[in-house]
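Trainee: Need coordinates for the following:
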Amino acid sequence: MLEVGPGPGGLTRALLATPLASLLACELDTRAVAALAELDEPRLTVLQQDALKLDAVAALPAHRQVVANLPYNVGTPLLIGWLRQAGQWERLTLMFQQEVAERICAAPDTEHYGRLAVLSQWLCRCTVLMHLPPGAFFPPPRVHSAVVGLVPHAAQPTPDLLAAMERLTAAAFGQRRKMLRGSLKTLGDPEALLARCHIAAERRAETLSITEFDGLARALLERDT
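Mentor: Residues are numbered from 1 along each chain as shown. Purely as a prediction, here's the structure:
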């Protein structure tokens, strides 16, 4: 199991109270590393490292999980990196700023639905597990928080299909106010691509379901290979 997040070790102690086989704690703050070093626990390995630069899949044995109280300024990039390796994880249990949690779990045609929701839900089953007010922390942050559970789907896309989906969603939501015929222009001949998937060119990205995005990504990959 991988633990990432700021704090003096409370999460680490809670995880070590469970019957996990091993725990890799990734901390950048020297104070947190010092606090963790005081724990006499053979299952615990502590890395003082930037989690964005850690290849966690290579560092952990099979049956991997991530449990993280994520630093809010790098929470989304960390999630995207782990999603690109979704098939290597059993589960991710992650705490985000509440707004980010809502973006991950948003339904189509809602305010928070966007690229992060499509990528997350295409690759995982996503559930908000818990909401936490600022008063749950010391010192209290200025924002509310939420814990999201992500369980990767059994069937995962090939690297080429994942790359196609990333290109597609970047284009579709890069100009989300535009109709798809306009926002997908950078992909080349958007109307033909949309017609192939029986999607009206007048629709906007936020109205498409995950299934429709999946069909478009597959059509894009097939067209360009």
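
Trainee: Check which helix or strand the residue most central in space within the chain maps to.
Mentor: For the chain, residue 79 is the residue whose C-alpha lies nearest the centre (Cα atoms, centre = their mean; 3.2 Å). Assigned by DSSP states H and E, residue 79 belongs to helix 75-83.

Trainee: contact partners of that helix?
Mentor: Residues from elsewhere that reach helix 75-83, judged by Cβ atoms under 8 Å, 6 or more residues apart in numbering: 4, 51-52, 56, 66, 68, 70, 89, 92, 94, 96-97, 100, 104, 116, 119-120, 123-124. Just so you know, the C-beta spots here come from the backbone N, C-alpha and C atoms, and that holds for glycine as well.

Trainee: In PyMOL, select just the buried ones from the residues you listed.
Mentor: If you want just the buried ones from the contacts of helix 75-83 in PyMOL, going by 16 or more other Cβ atoms under 10 Å, the selection is:
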select buried, resi 4+51+56+66+68+70+89+92+94+96+97+100+104+116+119+120+123+124
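
Trainee: Which members of the contacts of helix 75-83 occur in strands, if any?
Mentor: In strands, judged by DSSP state E, the following of these are found: 4, 66, 68, 89, 92, 94, 96, 97, 124.

Trainee: I'd assumed residue 87 was in contact with the last one.
Mentor: No - with contacts counted by Cβ atoms under 8 Å, residue 124 stays clear of residue 87, the gap being 10.3 Å.

Trainee: Report the set of residues contacting both of those two.
Mentor: Joint contacts of residue 124 and residue 87 (Cβ under 8 Å, 6+ apart) are residue 152.

Trainee: quick one: average confidence on whichever strand or helix holds residue 211?
Mentor: Using DSSP H and E, residue 211 sits in helix 210-224. Helix 210-224 shows a mean pLDDT of 98.

Trainee: which pair in the ones in strands among the contacts of helix 75-83 spans the largest distance?
Mentor: For the ones in strands among the contacts of helix 75-83, the maximum inter-member distance is 21.7 Å, found between 89 and 97 (Cβ to Cβ).

Trainee: the domain parsing of the chain - what is it?
Mentor: As assigned by automatic domain parsing, the chain contains the domains 2-152, 159-224.

Trainee: Relative to the whole chain's centre, how far out is stretch 214-222?
Mentor: Centroid displacement of stretch 214-222 relative to its chain, using Cα atoms, centre = their mean, to the nearest Å, is 21 Å.

Trainee: contacts for that stretch?
Mentor: Contacts for stretch 214-222 (Cβ under 8 Å, 6+ apart): 122, 157, 160-161, 164-165, 167-168, 187, 193-194, 196-197, 199, 208.

Trainee: List the buried residues for the helix holding residue 211?
Mentor: Going by 16+ other Cβ under 10 Å, helix 210-224 has these buried residues: 210, 212, 213, 214, 215, 216, 217, 218, 219, 220, 221.

Trainee: ranking the domains of the chain by mean pLDDT, which is last?
Mentor: The bottom spot among the domains of the chain, by mean pLDDT, belongs to domain 2-152, with a mean of 91.

Trainee: ranges for the helices of the protein?
Mentor: 10-16, 30-37, 56-59, 75-83, 98-105, 115-123, 159-174, 180-183, 190-196, 210-224 (DSSP state H).

Trainee: wait, which of these is closest to residue 148?
Mentor: helix 98-105 (5.0 Å).
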